[in-house]
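J.: Fold the following, please.
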Amino acid sequence: MKLAGKQSTLLFLLVIALIFMSYIIFIQTPESKRIQEKNLELSKVEVKKKEIDATILAGEGLNAEIEAYKVQITEIEQRLLPVIESQVISQKIQDKFVQHGIPFITLISSELPMEDRVLEPDDTTISPNLLKSVRFNFQVSGTDGRNMSILDAGMIPPENIPATEAETENPEDAIIYKVVGYEEFMKAVKDIEDDLPESIKIKSISLEDSGQGFMLYNVSVVVYAYDLPDRISEPVMEGDYITWTGAPVNNIAKDGLIGIPYASIPTVMREEMFDRPFALFPVAPEETTAE
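T.: Numbering: from 1, shown residues only. Below you'll find the predicted structure:
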């Protein structure tokens, strides 16, 4: 049986509607849900990516901060002495007195090395870092202004040096030679203290009156070296307080060639009644008592 035209049209529209509804129900709705789920996942991934990017950016800033700290630590490490070379340090410090016009060094000595370790922040672990220290003692003499010193003599040969005491009848005119003492000593001490402040510290200063018109000045200097196994930079193993700059040991004169030979001492400066520790027999005549 054939359908009328209107019925055919309605049937066609009904089929189209059923197909459209089936598409919406069975295809579009599930896909929409999946799209929404994917969009939600995408949003979460974007948030996570922003967090990761922020972490990376913070990490880059942290790395820059770490590198800046490394530079600062390296600068500090380079100013610290890695070792203590006693003969080099003694030479360097005594040169300070010479440079500041008080070259009359009468004593140089050093004490036994000391070692100190510290505890880690946990108060139980001992740090691998080691602090070494040695105490050096120096004594220098001032002048009295009445007797000639090397500061007055210059390059005059010893045999041509006149009698050292100024001969004058007026005591006020007697002081004619250069007087050095406290001012020169303190300048040298200040120079020692400022030269390498991280590793060299002035421990003590004392003054002694000789009772003969001049002063003796004493200073104790503590030198520190740092043994740092986990240091960032390589230790500097050469420099003013590490490298010996004096004459090679095998070239230093010996067999009595250092100092002024007895024959070169002016007669007026010779003292026969003088203690000579090296003499095999007493040089000064012994006093005898009348029986």
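J.: And what about the closest residue to residue 144 other than its chain neighbours, helix, strand or coil?
T.: Counting by Cβ to Cβ, 6 or more residues apart in numbering, the nearest residue to residue 144 once its immediate chain neighbours are dropped is residue 213, at 3.6 Å. (Glycine included, C-beta is placed from N, CA and C.) Put simply, residue 213 is coil when judged by DSSP: H, G, I helix; E, B strand; the rest coil.
J.: Count the neighbours of residue 213 for me.
T.: Counted with other Cβ atoms under 10 Å, residues neighbouring residue 213 total 14.
J.: who's in contact with it?
T.: Listed by Cβ atoms under 8 Å, 6 or more residues apart in numbering, the contact set of residue 213 reads 144-146.
J.: beta partners of the closest residue to residue 200 other than its chain neighbours?
T.: Nearest non-adjacent residue to residue 200, counting by Cβ to Cβ, 6+ apart: residue 223, 5.4 Å away. Note on residue 223: beta-bridge partners by DSSP bridges are residue 134, residue 200.
J.: Please verify my assumption that residue 223 contacts residue 133.
T.: Yes: using Cβ atoms under 8 Å, residue 223 makes contact with residue 133 at a distance of 6.7 Å.
J.: which residues are common contacts for the two?
T.: With contacts taken as Cβ under 8 Å, 6+ apart, residue 223 and residue 133 have residue 84 as neighbours in common.
J.: sorry, back to before: quick check, pLDDT for the residue nearest to residue 144.
T.: Predicted confidence (pLDDT) for residue 213: 80.
J.: And residue 125, by the same measure?
T.: Residue 125 carries a pLDDT value of 84.
J.: show me what contacts it?
T.: Each residue near residue 125 by Cβ under 8 Å, 6+ apart is listed here: residue 119.
J.: From residue 114, how far out is it?
T.: The gap separating residue 125 from residue 114 is 22 Å, by Cβ to Cβ, to the nearest Å.
J.: hang on, the earlier thing: among residue 223 and residue 133, which residue is more densely surrounded?
T.: Between residue 223 and residue 133, counting by other Cβ under 10 Å, residue 223 is the more crowded of the two (24 against 17).
J.: what's near enough to touch the more buried one?
T.: Counting by Cβ under 8 Å, 6+ apart, residue 223 has contacts 81, 84, 89, 133-136, 199-200, 241.
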